[in-house]
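> Predicted coordinates and the sequence they were generated for:
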Amino acid sequence: MNRIEFIRNEEKKYHDFCYENYKLFEEGSWLYKPVKTVMDLLPLFDNKESLNVIDLGCGVGRNSIPIAEAIKNRNGKVVCVDLLDSALNKLKEYSKHYKVEKVIRTEKADIGNYKIKPNEFDYIIAVSALEHVKSEEVFEEVVRQMAEGTKNNSVNCLIVNSEVQEIDLETNEKLDALMEVNLSTEVMINKLSSIYTGWEVLKTDVNLLEYNITRSEKPVLLKTNAITYVVRKSIG
């Protein structure tokens, strides 16, 4: 098993456990509520009669389902892309529970291989997903496709982890961070800025976040500089 396969296997175990043991929108995990920035951007689309959204690395619908609820009466759709069966199966269940199954379309794919059609979407979101592609080159290609797949005067919202550290909470030992693309914050922001040259930057923030997670049944502290990067494609 190579490093990428090992990381993905560990991530699968972690996410499968979360999706099975924590319910969407219930306190106790990061599934508790949608990302505030993702939801705060929706009023930008109030003048659009129909809204095409894609959520890359959608998980069980933490962001997709609230977006679908907000646009279900506006002839909109939310394309939800994820690699994990556990995520997509739960997403289908939740979409029925929240009565948005007609708005949501699930697609099983590695986002590194997923093809976004040019000029297809009004709103593209990728929350803690892009850093899980196989390489820096794939990362850049996916972000370029996101940019090309965005209609004029429409928005991309990216939340990307950078400078990720993992620390064994029992021994305080620094571990190999299980993140496929783990760049410095500066390099990551520079990559995004170069791809989105000419776009209007609506928001750029860096927040130091810490999470307690489990790796191989051991408690681990994950530290990250989480970059929030929101840009709008200018007409022209």
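Sure, I can see it. Numbers count the residues shown, from 1 in each chain.
> Check which residues of the biggest helix by length in the chain are buried.
In the chain, ranked by residue count with DSSP state H as the criterion, the top helix is helix 3-21. Within helix 3-21, the residues that count as buried by 16 or more other CB atoms under 10 Å are 7-8, 11, 15, 18-19. (C-beta placed from N, C-alpha, C; glycine too.)
> Show me where the protein dips below the pLDDT cut-off.
235-236 (pLDDT under 70).
> at 80 instead, please
1, 15-16, 19, 21-22, 26, 28-31, 216, 235-236 (pLDDT under 80).
> That one: strands as residue ranges?
Here the chain has its strands, by DSSP state E, at 52-56, 77-82, 104-108, 121-127, 150-168, 174-175, 200-215, 218-232.
> counting contacts, what elements does the longest helix of the chain pack onto?
helix 85-97, strand 200-215 (3 or more CB pairs under 8 Å, 6 or more residues apart in numbering; DSSP states H and E).
> out of the ones you listed, nearest to residue 143?
Smallest distance to residue 143 across these (CB to CB): 14.4 Å, for strand 200-215.
> CA-only coordinates of the closest one, as CSV, when you get a sec.
The C-alpha trace of strand 200-215 is given here as CSV (Å, rounded to 0.1, in the frame of the first residue of the first chain):
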residue,chain,number,x,y,z
GLU,A,200,-13.1,39.6,-7.5
VAL,A,201,-12.0,38.3,-4.1
LEU,A,202,-15.0,38.5,-1.8
LYS,A,203,-13.3,36.9,1.2
THR,A,204,-9.9,35.5,2.2
ASP,A,205,-9.3,34.4,5.8
VAL,A,206,-6.9,32.1,7.6
ASN,A,207,-8.0,30.4,10.9
LEU,A,208,-6.0,28.2,13.1
LEU,A,209,-8.2,25.3,14.0
GLU,A,210,-7.7,22.3,16.2
TYR,A,211,-9.7,19.0,16.3
ASN,A,212,-9.5,15.9,18.4
ILE,A,213,-9.6,12.9,16.0
THR,A,214,-8.8,9.2,16.2
ARG,A,215,-6.1,7.5,14.2
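> buried stuff in that strand?
residue 206.
> In space, what's closest to the residue nearest the centre of the chain - neighbours in sequence excluded?
Against the mean C-alpha coordinate of the chain, by CA atoms, centre = their mean, the closest residue is residue 127 at 2.2 Å. Setting aside the residues directly before and after it, residue 127 is nearest to residue 159 in space (CB to CB, 6 or more residues apart in numbering), at 4.6 Å.
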